[in-house]
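[1] could you work out the structure for the sequence below:
(2 chains)
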Amino acid sequence: MEFDLHTWTAMAYLAATAAAAVGMAGRIPRGVEAGVVLVGVGALLHAFAIWGLHAEDPVPQLTDLPFAVSLMAWLSVVTYLAMLLLFRGRGMVVAVAPLAFSGAIFASFGFDVDVRQGVDDHPFWSHLHVLLASAGLSVLSLAGVAGLLYLVRDRQLKSKRKSSGRSGLPSLETLDRVLAVTLAFGFLLLTAGLATGVLWVNALTGGFWPSGWHANATFVAWLTYAAIVGVRFWRPRSARSAASGATAAFGILLAAVIGVQVLP
Amino acid sequence: MKLLLVGMSHRTASLEVRERFAVEDPTPLLAKWLQEPCIEEAVLLSTCNRVEVLVWTAEPEAARLRLRSAFEHDIAPDGMRSGTAELDSALYTLHGMAAARHVFRVACAVDSMVVGEPQILGQVKDAYRAAVDAEACGPMLGRLYQRAFATAKRVRNETRIAERPVSVARVAAELAQQIFESLEDKQALLVGAGEMIELALETLRRGGLATARVANRTPARAAALAARFEASAHGLDELDDLLEKSDVVLTCIGGDRPILTSENVAAALRRRRGRALFVIDIGVPRNVAAAVAGLDGAYVYDLDDLKVIAESNVAERRAELDLAESIVEEEQQRFEGWLGALAAVPTIRELRGRAESIRQREIDRALSGTSAGTTERDRIESITRAIVNKILHEPTSRLRAELEGAEGLAHLESARALFGLDEERSDGARGADSDSEEDDG
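    Coordinates of the predicted model:
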């Protein structure tokens, strides 16, 4: 059930990617709008796919990487759709749709990985950690998307090409606002996820910091985000620097999350 | 007599070259050129995108050389002269109907950087008025410009080229939307108080711009413009403070040096705490230092940059452009016809003169030795004049009409041969020559 729905979800996101790409390349606003609608359809299918996982026997753990990635992709899409009520950011669909597609297709293939020890012993901390960290990563993925598109938009406008006047991407100001909001909320959620992770580790081992790729890379990403948020909100000088930082930091965070079960 | 146009435009010269040849007051130059025996009439058009001189001349080659020299010595200010090769590559020369066609295309905004833009017609009218005031524009160029204005009106009414005109101001407003989510909470600073600034202010206001400030060297002019658009007026000494508060800066002010340097823009950007600054520099010479474009958070577009974006509009308007070109073609032929008809005037005058002398001779011969009184003579005069007029009416009308066609000159030659006008002239010339020989003797 969840496999089929995840596949259909991935197809909807793929169709959204194609529509948005065609709309953007051909400067057809309706293509971009179709992309947004298809992402909405994908989000609906995705919700049913995640809900359907609870009908499985045994029910997959939230700490399973495919499940967590699927949840993160869905949260990213829902956050993006919610943000469209506040910002004129339809053009972001060109990056959000392929990101969602990657998450959904990853989940549909279902990585055969072992469930981590201790999950069942302390389900409260483990679930809270995964939920908060996934939400943080979802929101920060949008910050990464906004940062990346900001850099592309900045480059287009600085290059002064004939296409500068009518790109389908959102305006620099919109991207900067999305970046600011997602950085602030994403960083708060990531901090909360990190804190609950520490408490989970403490419940498991009595210590506070597990050595390993996941924990160390996450901490490096958290420090990077702390620096970006500090600069963005307290000493703002260049929106482009914040955009570059958010893009790079998301790469580190992604590596940390993928590394939770793939790397030692 | 012939039309001759020498000039440079955005198609042949970069902004750097064009700004060296910008002319603020054409009157002294026109007065100077009219003293040349080879130049009968002249009009000088100088805009941000072109500097062109159109003359009516009996000696096209001499006039061309004089205008070439004028660009090198009269127009370019001392110390800013170009190299010969650079000037030669920037200048173009058009003769006869090609020059007339070019004037029509310019007036219709078909040759503009932003096709269909409305400003150029006003600028062409200003150039024409300046030439009329300087008594440099006579009946020939006067007729040409009247035709050009009529053509521009036709193009505007009969095509959609100007229905949604994309002016420099509109391109700038479009770019502003790529940088800002909305103009409704944005503040604009307009440096200068000329026509371009006024148009830009109007466009930005229509785009929903919240606040506008006008800064100018002459505060009174800034105040007059600001009052019309509910903006505030400032002097240039407040520029640093104004830069910090403004999101869109549009400059179009005279002066040899940039008024926005990388130092004062960088300082303003620091105080703006990362907020982007969109600068449109439509001044010629440029008002914004080139280094400003390299600053993080500053997006600077000058006229040449806007040209790149505007060119993409040309493709979209190709169908309308073709229609406009066909109107230009039609009007050009009409003007050519008018010029051709002018060539018929001496022939018709000679023909009528010849008929009149025959009529007079025959009346004199018929009435000599008769007792016809004044009343009879008047009646005979009246009848014969009516006969001659009726006989000549058809051929002269046809001659005028034929001269508007492509083979007009051939028809003119045939008419002259048919009525033996050239023979009569050469006989006369021979007579004159023999008379002078006799005198010499």
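
[2] residue numbers of the stretch 101-250 of chain B in contact with chain A?
    Residues of the stretch 101-250 of chain B lying close to chain A by C-beta under 8 Å from any C-beta of the partner chain are B:171, B:174-175, B:177-181. C-betas here are computed from N, CA, C, even on glycine.

[3] any stretches of the stretch 151-300 of chain B with poor pLDDT?
    Applying pLDDT under 70 to the stretch 151-300 of chain B flags the ranges B:162-167.

[4] what about the helix ranked longest in chain B, near chain A?
    Determined from DSSP state H, the single longest helix within chain B is helix B:318-367. No - counting by C-beta under 8 Å from any C-beta, no contacts exist between helix B:318-367 and chain A, the nearest distance being 15.0 Å.

[5] the helix or strand encompassing B:F149 packs against which elements?
    Using DSSP states H and E, B:F149 sits within helix B:139-158. Contacts defined by 3 or more C-beta pairs under 8 Å, 6 or more residues apart in numbering or on different chains; DSSP states H and E place helix B:139-158 against strand B:41-46, strand B:50-57, helix B:96-107, helix B:119-133, helix B:318-367.

[6] need the next SSE after it, C-terminal direction.
    Following helix B:139-158 in sequence order, the next helix or strand is helix B:168-179 (DSSP H and E).

[7] how far is that next one from where the chain is centred?
    Relative to its chain's centre, helix B:168-179 lies at 27 Å (C-alpha atoms, centre = their mean, to the nearest Å).

[8] check contacts around residue 158.
    Here I'm looking at chain A. B:293, B:299 (C-beta atoms under 8 Å, 6 or more residues apart in numbering or on different chains).

[9] that's the wrong chain, I meant chain B
    B:323, B:327.

[10] what about it, distance to B:C108?
    Distance of B:E158 to B:C108, computed by C-beta to C-beta, to the nearest Å: 11 Å.

[11] SS state for the residue in the stretch 151-300 of chain B that chain A sits nearest to?
    Closest to chain A within the stretch 151-300 of chain B is B:G274: 3.8 Å, counting by C-beta to the nearest C-beta. Local secondary structure at B:G274 is given as coil here, using DSSP: H, G, I helix; E, B strand; the rest coil.

[12] ok, now which ones touch B:R50?
    By C-beta under 8 Å, 6+ apart, the neighbours of B:R50 are B:7-10, B:18, B:106.

[13] before we move on, back to that, which of the helices and strands packed on helix B:139-158 comes out lowest on mean pLDDT?
    Per-segment mean pLDDT for the helices and strands packed on helix B:139-158 reaches its minimum on helix B:318-367, at a mean of 84.

[14] any idea how far that helix is from the middle of the chain?
    Mean-position distance between helix B:318-367 and its chain equals 26 Å (C-alpha atoms, centre = their mean).

[15] and stretch B:193-210, by the same measure?
    Relative to its chain's centre, stretch B:193-210 lies at 25 Å (C-alpha atoms, centre = their mean).

[16] output it as CSV, nothing but the C-alphas.
    Provided in CSV are the C-alpha atoms of stretch B:193-210 (Å, rounded to 0.1, in the frame of the first residue of the first chain):
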residue,chain,number,x,y,z
ALA,B,193,14.2,66.6,-13.1
GLY,B,194,14.1,66.1,-16.9
GLU,B,195,11.5,64.4,-19.1
MET,B,196,13.0,60.9,-18.7
ILE,B,197,12.8,61.3,-14.9
GLU,B,198,9.2,62.5,-15.2
LEU,B,199,8.2,59.5,-17.3
ALA,B,200,10.0,57.1,-15.0
LEU,B,201,8.3,58.6,-12.0
GLU,B,202,4.9,58.3,-13.7
THR,B,203,5.6,54.6,-14.6
LEU,B,204,6.8,53.7,-11.1
ARG,B,205,3.8,55.5,-9.5
ARG,B,206,1.5,53.4,-11.8
GLY,B,207,3.4,50.4,-10.6
GLY,B,208,2.3,51.2,-7.1
LEU,B,209,5.4,52.8,-5.8
ALA,B,210,4.9,54.2,-2.3
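
[17] can you give the contact residues for that stretch?
    B:48, B:119, B:122, B:167-170, B:172-173, B:176-177, B:182-188, B:190-191, B:212, B:214, B:216, B:218, B:221-222, B:224-225, B:228-229, B:231, B:248, B:250, B:252-253, B:280, B:282.

[18] I'd like the distance between B:G294 and B:N264.
    15 Å.

[19] neighbour-wise, which of the two wins?
    Neighbours were tallied for B:G294 and for B:N264 using other C-beta atoms under 10 Å in any protein chain shown; the higher tally belongs to B:N264 (17 against 11).

[20] does the more buried one touch B:L242 like I think?
    No - between B:N264 and B:L242 no contact is recorded; they are 10.5 Å apart, counting by C-beta atoms under 8 Å.

[21] in chain A, where's the longest helix?
    Looking across chain A with DSSP H, the single longest helix is helix A:123-159.

[22] can the next helix or strand after it be said to contact chain B?
    Sequence order places helix A:172-205 as the next helix or strand after helix A:123-159, per DSSP H and E. Yes - Helix A:172-205 reaches chain B (C-beta under 8 Å from any C-beta) through A:172-174, A:176-177.

[23] off-centre distance for the following helix or strand past helix A:172-205?
    Counting by DSSP H and E, the next helix or strand C-terminal to helix A:172-205 is helix A:213-234. Chain-centre distance of helix A:213-234: 16 Å, with C-alpha atoms, centre = their mean.

[24] what are the contacting residues of helix A:213-234?
    Applying C-beta under 8 Å, 6+ apart, the contact partners of helix A:213-234 are A:140, A:179-180, A:183-184, A:186-187, A:190-191, A:194, A:197, A:201, A:209, A:237, A:241-242, A:245-246, A:248-249, A:252-253, A:255-257, A:259-260, A:263-264.

[25] among those residues, which ones are buried?
    By neighbour count, with 16 or more other C-beta atoms under 10 Å in any protein chain shown, the contacts of helix A:213-234 hold A:140, A:179-180, A:183, A:186-187, A:190-191, A:194, A:197, A:201, A:237, A:241-242, A:245-246, A:249, A:252-253, A:255-257, A:259-260 as buried.

[26] residues shared between the contacts of B:E158 and B:C108?
    B:I327.

[27] the domain parsing of the chain - what is it?
    As the question left the chain open, I've gone with chain A. Following automatic domain parsing, chain A resolves into domains at A:1-110, A:124-264.

[28] you looked at the wrong chain, it should be chain B
    B:2-165, B:168-308, B:334-440.

[29] in a markdown table: the ones you listed, plus distance to A:Y80.
    Listed next are the domains of chain B as a markdown table, based on distance: least, C-beta to C-beta, whole Å:
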| stretch | distance to A:Y80 |
| --- | --- |
| domain B:2-165 | 33 |
| domain B:168-308 | 17 |
| domain B:334-440 | 61 |
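
[30] I'd like to know which of these is closest to A:A100.
    A:A100 lies closest, by C-beta to C-beta, to one member of the domains of chain B: domain B:168-308, at 24.0 Å.

[31] what distance separates the start and the end of that closest one?
    Domain B:168-308 has an end-to-end distance of 11 Å (C-alpha to C-alpha, to the nearest Å).

[32] check the gap between the residue lying closest to B:G142 once chain neighbours are set aside and B:A90 for me.
    Ranked by C-beta to C-beta, 6 or more residues apart in numbering or on different chains and with sequence neighbours excluded, the top spatial neighbour of B:G142 is B:V132, at 7.4 Å. Distance of B:V132 to B:A90, computed by C-beta to C-beta: 28 Å.

[33] can you check B:A276 too?
    Separation of B:A276 from B:A90 (C-beta to C-beta) stands at 35 Å.

[34] contacts only, for B:T151.
    By C-beta under 8 Å, 6+ apart, B:T151 lies in contact with B:104, B:107-108, B:327-328, B:331.

[35] okay, A:W51 and chain B: tell me how far apart.
    As judged by C-beta to the nearest C-beta, to the nearest Å, A:W51 and chain B stand 36 Å apart.
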